[in-house]
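Asks: coords below, sequence missing:
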């Protein structure tokens, strides 16, 4: 399945990979035969009968190590969830905990067909290490809140120097002020110097709740979007995460300044934050991608279900069943997401010369039968268990539904061991 103007196109054909790039995408028997002859006996061929080859999914917002808190703090509003449960738990974590939680979350994503993700968390170097080992593509963003800013710029500069472009450019490092209500204007401005100095992007939560909007208005006399614009956040490649409560002016600012909005429908539903005005943002020409948010506020990292929910929720919010059709929400998890992180044409597409980040799904499933419209079947019916093969940068990382670079049983046992250590640490 390849991206075409208006909607994806799918057809019977072949995809060939050489090194880390896609070398051939064709339905021409003559081109396919010529490629096979030119490559000779060294060519490995896989039969794709009953299978679909498509771009890997891109999860634009995550706190992947929060797998450690999956099911720990459910059914709470955002601020009590953060202040009474999540932040006290996080205060006990060390780098090894973060690595273990990241391994678990990355395994879940890879097995479900996610080939790239954007993360925002503490100990981001350990998330980077887990991503390198697993084979996934990642934008890791060291996060800070106002009370933990000392040394942030120096630490993050060292991390950029070590990890930005690591593993054949599979790993990139961005800057991540947590949110305008947890970081001071001075801290945000100081962190943006890292973007200026290193050419990296910025990743920040924006207008997630009504209480945040009210807090920022009381402090600064502006909306969160206006506040961040005036601080210069949108002068750099930026991911504005959530954007649930926006004014018409906010939407115009985001569109005009080329900010990519990240839609997190299930997290926003679970925390009762609201419904982001995605349909109106798209009408104004804004780029919108999609993410799961962390495993403690979702509680899974299933991008198929996220797409399905995201589409349905916009239909309910607008009263229009035609809003956010299947092919548009699929673009939000592929081509639009790639554009958001500065990799337009590089990932999120099946195209000759693009990086070989692709997945293979088994279509021979009851819930995918019959197939009047493959794109609709994918968005509204597909499941992580349909994914058989996953490739990132031309390397197979999931083969026949199992991790190629890790042992899930060992990952699970280590997570359980570390949770026992954490429990004793808190006593």
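Replies: Looks like it came in fine. From a predicted model like this one, the values you see are computed outputs, not experimental measurements.
Asks: mind listing what the residue nearest the centre of the chain touches?
Replies: Of all residues in the chain, the one closest to the mean position by CA atoms, centre = their mean is residue 59, 1.9 Å from it. Shown in contact with residue 59 (CB atoms under 8 Å, 6 or more residues apart in numbering): 109, 114, 116, 117, 118, 290, 291, 292, 301, 303, 333. Every residue, glycine included, has its C-beta placed from N, CA and C.
Asks: let's go with 10 Å and repeat that
Replies: Residues counted as contacts of residue 59 (CB atoms under 10 Å, 6 or more residues apart in numbering) are 105, 109, 112, 114-119, 136, 138, 262, 289-293, 301-303, 306, 333, 337.
Asks: Neighbouring strands of the helix or strand harbouring it in the sheet, and parallel or not?
Replies: Using DSSP states H and E, residue 59 sits in strand 57-62. Strand 57-62 has its sheet partners listed here by DSSP bridges as strand 114-121 (parallel).
Asks: Just the mean pLDDT for the partner strand, thanks.
Replies: For strand 114-121, the mean pLDDT works out to 98.
Asks: before we move on, the earlier item: and the residue nearest to the centre of the chain, how far from residue 300?
Replies: Going from residue 59 to residue 300 by CB to CB, to the nearest Å gives 11 Å.
Asks: what about the closest residue to residue 354 other than its chain neighbours, distance to residue 40?
Replies: Leaving aside its chain neighbours, residue 354 sits nearest to residue 22 (5.1 Å; criterion: CB to CB, 6 or more residues apart in numbering). Distance of residue 22 to residue 40, given as CB to CB: 19 Å.
Asks: So which of those two has more stuff around it?
Replies: Neighbours around residue 22 and residue 40, counted as other CB atoms under 10 Å, are more numerous at residue 22. The numbers are 23 against 7.
Asks: tell me the contacts of the more buried one?
Replies: 15-16, 55, 349-358, 391, 394.
Asks: Just the buried subset of those, written out for PyMOL, thanks.
Replies: Selection of the buried residues among the contacts of residue 22 in PyMOL, burial being defined by 16 or more other CB atoms under 10 Å:
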select buried, resi 15+16+55+349+350+354+355+356+357+358+391+394
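Asks: between the contacts of residue 22, which is closest to residue 70?
Replies: Within the contacts of residue 22, the smallest distance to residue 70 is 26.1 Å, found for residue 357 (CB to CB).
Asks: Which elements pack onto the helix or strand of the chain with the lowest mean pLDDT?
Replies: Lowest by mean pLDDT, DSSP states H and E among the helices and strands of the chain is helix 78-80, with a mean of 87. Counting contacts by 3 or more CB pairs under 10 Å, 6 or more residues apart in numbering; DSSP states H and E, helix 78-80 is packed against helix 210-220, helix 265-270.
Asks: and the ones you listed, which is most packed in?
Replies: Mean neighbour count (mean count of other CB atoms under 10 Å) peaks for helix 265-270 among those, with a mean of 22.
Asks: following it, which helix or strand comes up?
Replies: helix 278-283.
Asks: Tell me how far that next one lies from the chain's centre.
Replies: 20 Å (CA atoms, centre = their mean, to the nearest Å).
Asks: I'd like to know which elements that helix is packed against.
Replies: Using 3+ CB pairs under 10 Å, 6+ apart, helix 278-283 sits against helix 248-256, strand 260-263, strand 287-290, helix 303-318, helix 326-332.
Asks: Mean pLDDT and distance to residue 87 added to those, as CSV?
Replies: Below are the helices and strands packed on helix 278-283 laid out as CSV (pLDDT from 0 to 100; distance: least, CB to CB, whole Å):
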stretch, mean pLDDT, distance to residue 87
helix 248-256, 98, 27
strand 260-263, 99, 22
strand 287-290, 99, 26
helix 303-318, 98, 25
helix 326-332, 96, 30
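Asks: For residue 128, which of these is the nearest?
Replies: Closest among the helices and strands packed on helix 278-283, once you apply CB to CB, is strand 260-263, at 20.1 Å.
Asks: returning to what we had before: what touches both of residue 59 and residue 300?
Replies: Counting by CB under 10 Å, 6+ apart, the residues touching both residue 59 and residue 300 are 105, 109, 112, 292, 306.
Asks: Most neighbours among those, please name it.
Replies: residue 105 (33 neighbours).
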